[in-house]
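Visitor: can you look at this prediction? I've put the sequence above it.
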Amino acid sequence: MDESVYHQQSQKVYARFFKEFNMTHYPCLHTYLSCPTRKEVDTWSLVHNILVNQPEIVLAAPKLLNRSGQMESRQIDQTTIFQQHAWGMQEPMGGVQIPAAAFLLVVLPVIAFDEQGH
């Protein structure tokens, strides 16, 4: 997929997300961080928007605990440092662990979408 098409389609999904979800109903959100080289829908724009425009929302991302795939949710903010883990994706260094029961919404980047951003 051409880079400009990738970014355009990701922006459609991103805009639709904020149209469909009233974030005041989701005080704690977990999002998987997209991997641009895999052309997953860009969740980094979502992260940036929430951190800048809705800092009252607790935002978390996964951190691998070991190579077996076990992970936990770690709170992220504008000062979070990320590093690439063994599977090639970014994960937060440090951050407070957030229990899974705290999340009312989990965002997963997907590779497929239609022309309307679904």
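Guide: Good, I have the coordinates. What you are looking at is a predicted structure, and each value in this text was computed from that prediction instead of being measured.
Visitor: surely residue 54 meets residue 23?
Guide: Yes - the pair residue 54 and residue 23 qualifies as a contact (Cβ atoms under 8 Å) at a distance of 5.6 Å. (Glycine included, C-beta is placed from N, CA and C.)
Visitor: and the gap between residue 21 and residue 96?
Guide: From residue 21 across to residue 96, the span is 24 Å (Cβ to Cβ, to the nearest Å).
Visitor: likewise residue 67?
Guide: According to Cβ to Cβ, residue 67 stands 24 Å off from residue 96.
Visitor: over to residue 12?
Guide: 33 Å.
Visitor: those two: which has the busier surroundings?
Guide: residue 12 (17 against 11; other Cβ atoms under 10 Å).
Visitor: gap between the helix or strand of the chain with the lowest mean pLDDT and the chain center?
Guide: Across the helices and strands of the chain, mean confidence by mean pLDDT, DSSP states H and E is lowest for helix 3-20: a mean of 84. How far helix 3-20 lies from its chain's middle: 14 Å, per Cα atoms, centre = their mean, to the nearest Å.
Visitor: repeat for stretch 70-83
Guide: On the basis of Cα atoms, centre = their mean, stretch 70-83 sits 11 Å off its chain's mean C-alpha point.
Visitor: may I have it exported as PDB, CA atoms only?
Guide: The C-alpha atoms that make up stretch 70-83 are tabulated as PDB, following Å, rounded to 0.1, in the frame of the first residue of the first chain:
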ATOM      1  CA  GLN A  70       2.500 -12.700  28.700                       C
ATOM      2  CA  MET A  71       2.000  -9.000  29.000                       C
ATOM      3  CA  GLU A  72       0.600  -6.300  31.300                       C
ATOM      4  CA  SER A  73      -0.800  -2.900  30.800                       C
ATOM      5  CA  ARG A  74       1.400   0.100  31.700                       C
ATOM      6  CA  GLN A  75       0.300   3.600  32.000                       C
ATOM      7  CA  ILE A  76       1.800   6.000  29.400                       C
ATOM      8  CA  ASP A  77       2.000   9.700  29.300                       C
ATOM      9  CA  GLN A  78       3.900  12.400  27.300                       C
ATOM     10  CA  THR A  79       7.100  11.600  29.100                       C
ATOM     11  CA  THR A  80       7.000   7.800  28.500                       C
ATOM     12  CA  ILE A  81      10.000   6.400  26.800                       C
ATOM     13  CA  PHE A  82       9.300   3.500  24.400                       C
ATOM     14  CA  GLN A  83      11.600   0.800  23.200                       C
END
